[in-house]
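Participant: test case, fold it:
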Amino acid sequence: MTKNLKPDIFLSVIETNKGIIYKVANSYCKDTEDRQDLVQEIVLKLWKSFDSYDESFRHSTWIYRIALNTAISFYRKEKSRKDIANPFSESLFNIADIDNKKQIEESTAFLNQFISELKELDKALMLLYLEEKSHKEMAEIIGITETNVATKIGRIKTILKHKFSQLSN
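Facilitator: Below is the predicted model of the structure:
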């Protein structure tokens, strides 16, 4: 790609896929300023790696991979400050027309809490799982095998089910 077209192509790719960047940032940061910092960091890393983008992958896969890796690194750096929120905002669980809204809100809050207690890779997998990504897409984004994705998702579900069952007792 020519140097003159690179910024325009990059901006077009970012504009088309900005939802991914914001979703990842919202999942890992509670504070608005931290989210903005993380978004900037993700875009910077995307720009730096744009020349080496492998066109055999979709742009969304490439963006997810870089965004999640950047968010995990950011999370680890900021963890000591205790400014990291539950990994999923309420907007990801936009549940409408449910009679028992209060119970759903409580369950969602507990789900957020339980997911926040997971390891960084497991949080990333849950974000992708809740996005209804296929195991193949998750494997490409995270950089592990499809079998490993399936195994980890199964284990995470078991952990979450166990934590919810403990609430009932």
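
Participant: mind listing what's buried along the worst-scoring helix or strand of the chain on mean pLDDT?
Facilitator: Within the chain, confidence by mean pLDDT, DSSP states H and E is lowest for helix 101-116 among all helices and strands, at a mean of 75. Of the residues in helix 101-116, those with enough neighbours to count as buried (16 or more other C-beta atoms under 10 Å) are 108, 111-112, 114-116. In this view, the C-beta of every residue, glycine as well, is placed from N, C-alpha and C.

Participant: cool, stretch 114-123 as well?
Facilitator: Using 16+ other C-beta under 10 Å as the test for burial, stretch 114-123 gives 114-116, 118, 120, 122-123.

Participant: mind listing the helices for the protein?
Facilitator: Remark: helices assigned in the chain by DSSP state H are 6-28, 32-49, 59-78, 101-116, 120-130, 135-142, 146-168.

Participant: and these, which one's lowest on average pLDDT?
Facilitator: If those are sorted by mean pLDDT, helix 101-116 sits at the bottom with a mean of 75.

Participant: compute the first-to-last residue distance for stretch 47-59.
Facilitator: Stretch 47-59 has its terminal residues 13 Å apart, counting by C-alpha to C-alpha, to the nearest Å.

Participant: can I see the domain layout of this protein?
Facilitator: Following automatic domain parsing, one gets these domains for the chain: 1-85, 95-169.

Participant: how about the most centrally placed residue in the chain: what's its closest non-neighbour residue?
Facilitator: Residue closest to the average C-alpha location in the chain (C-alpha atoms, centre = their mean): V24, at 4.0 Å. With sequence-adjacent residues excluded and distances taken as C-beta to C-beta, 6 or more residues apart in numbering, V24 is closest to A67, at 4.2 Å.

Participant: so what's that neighbour up against?
Facilitator: 20-21, 24-25, 42, 46 (C-beta atoms under 8 Å, 6 or more residues apart in numbering).

Participant: go through those residues and name the one nearest L167.
Facilitator: Nearest to L167, judged by C-beta to C-beta, of these is V24 at 28.1 Å.

Participant: test my guess that that closest one contacts F74.
Facilitator: No. Using C-beta atoms under 8 Å as the test, V24 is too far from F74 to be in contact (9.8 Å).

Participant: common neighbours of the two, please.
Facilitator: Residues touching both V24 and F74 by C-beta under 8 Å, 6+ apart: L38.
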